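Participant: generate a structure from the sequence data that follows.
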Amino acid sequence: RRVPPSGSPLQKKKMSNIGVLDDCITQFEELKFRHAHRYVVLKLTEDKMNFEVERVAPHEATWENLTEELAALNEPRFVIFDDEYTTSDGREAGKIYLVL
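Facilitator: Numbers count the residues shown, from 1 in each chain. Now for the predicted structure:
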């Protein structure tokens with residue numbers, strides 16, 4: 001179990017007692033810095049003590065792929081989603097969202 005770097009969206013809150021497994025941080029960094037994935041689906045481990053990576057979607061995946069995948073599940077998931085879009089003045093832009 002590892003505490004993410006200060007300022008990271010995955011940074012452990014001192015009051016939560018929920019950790020983040022190393023693979024979660026690795027996949028987040030791949031998404032953020034290399035844009036290697038469209039989204040990363042996280043779930044709680046069976047003992048409810050850590051987040052673990054359940055699925056990593058390729059960069060070609062879409063928001064629709066994610067919503068279909070989540071609709072098929074019975075349990076809540078946490079998703080890190082890399083959104084790319086074109087602004088009204090024609091610039092390419094992107095944002096990373098944490099979906100609960």
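Participant: okay, CA-based contacts and neighbour counts for the rest of this
Facilitator: OK.
Participant: E84 - how many residues pack around it?
Facilitator: Residue crowding around E84 was assessed by other CA atoms under 10 Å; the count is 12.
Participant: got it, and H59?
Facilitator: Applying other CA under 10 Å, we find 13 other residues in the vicinity of H59.
Participant: please report the distance of it from E84.
Facilitator: 10 Å (CA to CA, to the nearest Å).
Participant: now F28
Facilitator: When distances are taken as CA to CA, F28 and E84 turn out to be 16 Å apart.
Participant: for stretch 24-34, C-alpha coordinates in CSV please.
Facilitator: As requested, C-alpha coordinates have been extracted for stretch 24-34 and formatted as CSV (Å, rounded to 0.1, in the frame of the first residue of the first chain):
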residue,chain,number,x,y,z
CYS,A,24,-3.7,2.4,-9.2
ILE,A,25,-1.0,5.1,-9.0
THR,A,26,0.9,3.6,-11.9
GLN,A,27,-2.2,3.5,-14.2
PHE,A,28,-3.2,7.0,-13.1
GLU,A,29,0.2,8.3,-14.1
GLU,A,30,0.0,6.5,-17.4
LEU,A,31,-3.3,8.1,-18.1
LYS,A,32,-2.3,11.6,-16.9
PHE,A,33,1.2,11.9,-18.4
ARG,A,34,1.1,9.6,-21.5
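Participant: residues in contact with E84?
Facilitator: When contacts are counted by CA atoms under 8 Å, 6 or more residues apart in numbering, E84 touches 92-95.
Participant: and it, that one's in a strand?
Facilitator: Yes. Inclusion of E84 in a strand is indicated when DSSP: H, G, I helix; E, B strand; the rest coil is applied.
Participant: what pairs with it across the strands?
Facilitator: Following DSSP bridges, E84 is listed with bridge partners G94.
Participant: again, but for H37
Facilitator: With DSSP bridges applied, the residues forming beta bridges to H37 are P58.
Participant: what's in contact with the strand or helix carrying I96?
Facilitator: Taking DSSP states H and E as the criterion, I96 maps to strand 92-99. By CA under 8 Å, 6+ apart, the surrounding residues in contact with strand 92-99 are 32, 78-87.
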